[in-house]
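Student: I would like the atomic coordinates for the input below:
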Amino acid sequence: MVIATLFVLLFAFMLFGVPVAVALGTTTLLTSFIFTDMDLMGVSSKIFDGLNKYTLMAIPMFILAGSLLSRGSSASRIIEFAKTLVGHLPGGLPIAAILASIIFAAVSGSSPATVAAIGSVMYGAIKQAGYNEQFSIGTIATSGTLGILIPPSIVFIVYGVTADQSIGKLFMAGVIPGLMIGAMMMIATYFLA
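Tutor: Sure thing, here's the model as predicted:
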């Protein structure tokens, strides 16, 4: 009954044009007031206890670092470094975009910042090199998602705090899969080119 009420209220709010964040918050509050004996002070105390985590302070700093890197010349320097390493290979430009995304993700911890920083420079270059639009967009979009796996990942920090898991162990668990997926993407790009 609780879950049905939660979904009905959520979709009703969204149907009336309420923004998603407000609809989620309002639905959660209304459902907790209806089905529990929690009072208004209890809700504010729960919210504060949930946000009062020392590790969550890292998230704004990673977002700031990603924003500074994407606005400055660091992204173009990372791209030039990646081009010098793999630019001579067949498909070197898309492979350089993937390598640059791996490096940028390891610095910023944010997938959207990685896609914005690397994509703004590399999309036009890959398209000018003769690759079709779908391949150019696909290379940038998929390589940018490596920011979820490669530490320091904001997703790992949020999951670690929420699930009460060791963030250091999560970071260690993400290194090898992130590098393996990046290497497989570069190998697939090499053979496609």
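Student: run through the neighbouring helices and strands of the lengthiest helix in the chain.
Tutor: Longest helix in the chain, counting residues (DSSP state H): helix 167-192. For helix 167-192, the helices and strands in contact under the criterion 3 or more C-beta pairs under 8 Å, 6 or more residues apart in numbering; DSSP states H and E are helix 92-108, helix 133-144, helix 154-163. Heads up, the C-betas are built off the backbone N, CA and C, glycines and all.
Student: winner for burial among the ones you listed?
Tutor: helix 92-108 (a mean of 26; mean count of other C-beta atoms under 10 Å).
Student: tell me the helix or strand right after that one.
Tutor: Using DSSP states H and E, the helix or strand that follows helix 92-108 in sequence is helix 111-128.
Student: find the nearest non-adjacent residue to residue 129, please.
Tutor: Spatial nearest neighbour of residue 129, excluding adjacent residues (C-beta to C-beta, 6 or more residues apart in numbering): residue 93 at 5.1 Å.
Student: hang on, I meant residue 96
Tutor: Counting by C-beta to C-beta, 6+ apart, the residue nearest residue 96 is residue 82, at 4.1 Å.
Student: that neighbour: what's it in contact with?
Tutor: 96-97, 99-100, 103 (C-beta atoms under 8 Å, 6 or more residues apart in numbering).
Student: switch the cut-off to 7 Å
Tutor: 96, 99-100, 103 (C-beta atoms under 7 Å, 6 or more residues apart in numbering).
Student: turn the residues you listed into CSV, columns for pLDDT and distance to residue 151.
Tutor: CSV is the format used below for the contacts of residue 82 (pLDDT from 0 to 100; distance: C-beta to C-beta, whole Å):
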residue, pLDDT, distance to residue 151
96, 89, 22
99, 90, 17
100, 88, 17
103, 87, 13
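Student: would you tell me which of the helices and strands packed on helix 167-192 gets closest to residue 43?
Tutor: For the helices and strands packed on helix 167-192, the distance to residue 43 is smallest for helix 154-163, at 18.1 Å, taking C-beta to C-beta.
Student: and the average pLDDT for that closest one is what?
Tutor: Averaging pLDDT along helix 154-163 gives 86.
Student: between helix 167-192 and it, find me the angle.
Tutor: Here helix 154-163 points in a direction 150 degrees away from that of helix 167-192 (axes from the mean of the first three to the mean of the last three C-alpha atoms, to 10 degrees).
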